[in-house]
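Trainee: Need a 3D model of the sequence below.
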Amino acid sequence: MTQRETGAVRPGDRIGPYTVLLELAGGGMGRVYVARSPGGRTVAVKTLLGATGGGTIAPEDRRRFAREAALAQRVHGPFTAGVVGADADADVPWMATEYIPAPSLHELVAGQGPLPPESLAWIAAGTAEALNDIHAAGLVHRDVKPSNILLPEDGPRVIDFGISHAADLTRTGSALGTIPFASPEQARGEPTTPASDVFSLGATFFFLLTGRSPYRGMGHGTAMEQLVRAAEADLDLRGLPAGAAALVLPCLAVAPADRPTPGALLDLAEPVLAARPRAHGAADWLPEDWSRAIDRHRARRSLEADDARQRSAPDAATARTPRTGPARTRRLPRPAAPARRPARRPWLVPAVAVAVAAGSLAAYLLLREEPGPGPVRQDLRLALVEETAAGECTDELAPPTFYDGQAKTCYRVSTREDERMSVKRLREVRSEYAPESGGWIIDATFDEPDGKRFTALTELAARRENPKNQIAILIGDRLVSAPAVSAAIPGGSMQISGSFTKDGAEALARELGG
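Mentor: Below you'll find the predicted structure:
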């Protein structure tokens, strides 16, 4: 098929007036690209594809896209991604929004664990105000979920106003959405209303606090079985922190008329914010590991966009990708600059008996912070793999999930304490030549407590059937590798092998503390 038939584009190609820099995300119904406007602004461009990711777009899908693109351009507010252009009549319909280099709530929970209840009001206020603005424009979002809410340092942004889900596989009749977060009336195929969005927002809050959908058994059974549970409002609200019940439970009322409006949610959250007038942005409202993850994601995405822009148009006059602007609202405090934290040395988790290509390390090492003295804290984790699925991670797999772009596979990892570990520090790191492979490798040795835990973890993995005999190697919200383990690995050492030159191996060893 041609580019016109599939909607697939490459860096340097044009979508409307925008020059594509890189692909940000893709799925069965659409793709999202980072692109550059003629004046040098970085934008996100979303395309609508046919029902199988290419081919002819159904007329009803195009009509829905045109209507909702027009409505989306009327949405203005500090907690939505502003639309800067759209063309529903193009061969491949597209819509451009401001680019927000921030992780989604789904990524943050998957990488950092559930949110403490005392942090919820800040996120709840911003997302409720976003729904207020969306509904005021005459639009029902229809797919509010953790992966459709980004969290930059100055407050949440609700994205993806339901435009690309016209033929979503979770649809029955006129129901749209993603099953674990869809309202019961959506799952039954009934018309969606603003109250449907409020239920989905409450389900998102529940996920933030517990790491799972409020429906019973989501992630287990067939899609149809899960759809039936949602349609029957089969809720399982165990584990919801008592301190968050006042915000979450009203949203999850089965009857749409019993749910609060977004404005009522704002009224519930505002006293909490008013009680902390000096709290400004993510650094004050979120746990430190969440705030650090937001900083890392912004730096990585901004670097990718800036590098791609230089490759596609090296002589173009344009500024570097900026931080997101301040939240202009009376309800949320205007953010101050993020608090500076002590510099920390970066670490890279070595793969267990698996080659790690040198090229795959480059992006992370470019983002390193300057090493500082004293004990090193790092966001490195190892966890047993529970389930895998081909393609990018969706909400069909219960979190925490991580995507391996090289293997084109999504991994769901264990949350059990005995099936995961955090690496506090590495005791020794050195590079050496390995004659058997004809290349350079890096040996990394744990401190004794971590070494024993690593051996125990590999022993657990070796006793399990594939794919549960794999260990996911995680850095923050990123999966580095998921090697299979056939036997326990004693000695407290791991090895990184790859296409390293002597200089490259030595440089990486120094970065790891060697």
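
Trainee: Kindly state the domain boundaries assigned to this protein.
Mentor: Under the assignment automatic domain parsing, the domains of the chain span 101-283, 358-511.

Trainee: can you tell me which helix in the chain is longest?
Mentor: helix 288-312 (DSSP state H).

Trainee: How far does it sit from its chain's centre?
Mentor: Remark: helix 288-312 is offset 13 Å from the chain centroid, using C-alpha atoms, centre = their mean, to the nearest Å.

Trainee: which of the domains of the chain is buried the deepest?
Mentor: domain 101-283 (a mean of 21; mean count of other C-beta atoms under 10 Å). Glycine gets a C-beta too; all of them are placed from N, C-alpha and C.

Trainee: Span of it from start to end?
Mentor: 17 Å (C-alpha to C-alpha, to the nearest Å).

Trainee: how far does stretch 11-30 sit from the chain's center?
Mentor: 19 Å.

Trainee: likewise stretch 191-202?
Mentor: That offset, for stretch 191-202, works out to 22 Å (C-alpha atoms, centre = their mean).

Trainee: Just the CA trace of it, in CSV.
Mentor: Written as CSV, here are the backbone C-alpha positions of stretch 191-202 (Å, rounded to 0.1, in the frame of the first residue of the first chain):
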residue,chain,number,x,y,z
PRO,A,191,-25.8,6.9,24.6
THR,A,192,-22.9,8.5,26.4
THR,A,193,-23.4,11.7,28.3
PRO,A,194,-21.2,14.0,30.4
ALA,A,195,-22.0,11.8,33.4
SER,A,196,-20.3,8.9,31.5
ASP,A,197,-17.1,10.9,31.5
VAL,A,198,-17.4,11.5,35.3
PHE,A,199,-17.7,7.8,35.9
SER,A,200,-14.6,7.2,33.8
LEU,A,201,-12.8,9.9,35.7
GLY,A,202,-13.7,8.2,39.0
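
Trainee: related to what we said a few turns ago, for the longest helix of the chain, packing partners?
Mentor: strand 18-26, strand 30-36, helix 105-112, helix 282-285, helix 362-366 (3 or more C-beta pairs under 8 Å, 6 or more residues apart in numbering; DSSP states H and E).

Trainee: let's see it at 10 Å
Mentor: Packing contacts for helix 288-312, counted by 3 or more C-beta pairs under 10 Å, 6 or more residues apart in numbering; DSSP states H and E, involve strand 18-26, strand 30-36, strand 42-48, helix 105-112, helix 282-285, helix 362-366, strand 478-481.

Trainee: To Pro152, which of these lies closest?
Mentor: helix 282-285 (7.7 Å; C-beta to C-beta).

Trainee: where does the stretch 201-350 of the chain dip in pLDDT?
Mentor: 312-350 (pLDDT under 70).

Trainee: now with 50?
Mentor: 317-322, 325-350 (pLDDT under 50).

Trainee: Report the mean per-residue pLDDT for the longest strand seen in the chain.
Mentor: Ranked by residue count and defined by DSSP state E, the top strand of the chain is strand 380-390. Regarding strand 380-390, the rounded mean pLDDT is 87.

Trainee: Over to stretch 106-123?
Mentor: Averaged over stretch 106-123, pLDDT sits at 93.

Trainee: Span of that stretch from start to end?
Mentor: Taking C-alpha to C-alpha, the first and last residues of stretch 106-123 lie 13 Å apart.

Trainee: how far does that stretch sit from the chain's center?
Mentor: Worked out by C-alpha atoms, centre = their mean, stretch 106-123 lies 12 Å from the chain centre.

Trainee: Same question for stretch 95-108.
Mentor: Stretch 95-108 sits 8 Å away from the centroid of its parent chain (C-alpha atoms, centre = their mean).

Trainee: so how far is the first residue of it from its last?
Mentor: 26 Å.

Trainee: And for stretch 278-287?
Mentor: Using C-alpha to C-alpha, the end-to-end distance of stretch 278-287 comes out at 16 Å.

Trainee: distance between it and the chain's centre?
Mentor: A distance of 20 Å separates the centroid of the chain from that of stretch 278-287, by C-alpha atoms, centre = their mean.

Trainee: Leu474 versus the one residue sitting closest to the centre of the chain, what's the distance?
Mentor: By C-alpha atoms, centre = their mean, the chain has its centre lying nearest to Glu107, at 3.1 Å. Using C-beta to C-beta, to the nearest Å, Glu107 is found at 12 Å from Leu474.

Trainee: tell me, what's touching the two both at once?
Mentor: Shared contacts of Glu107 and Leu474 (C-beta atoms under 10 Å, 6 or more residues apart in numbering): 400, 402.

Trainee: Export the domains of the chain as CSV, with columns for distance to Gln73.
Mentor: Below are the domains of the chain laid out as CSV (distance: least, C-beta to C-beta, whole Å):
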stretch, distance to Gln73
domain 101-283, 9
domain 358-511, 27
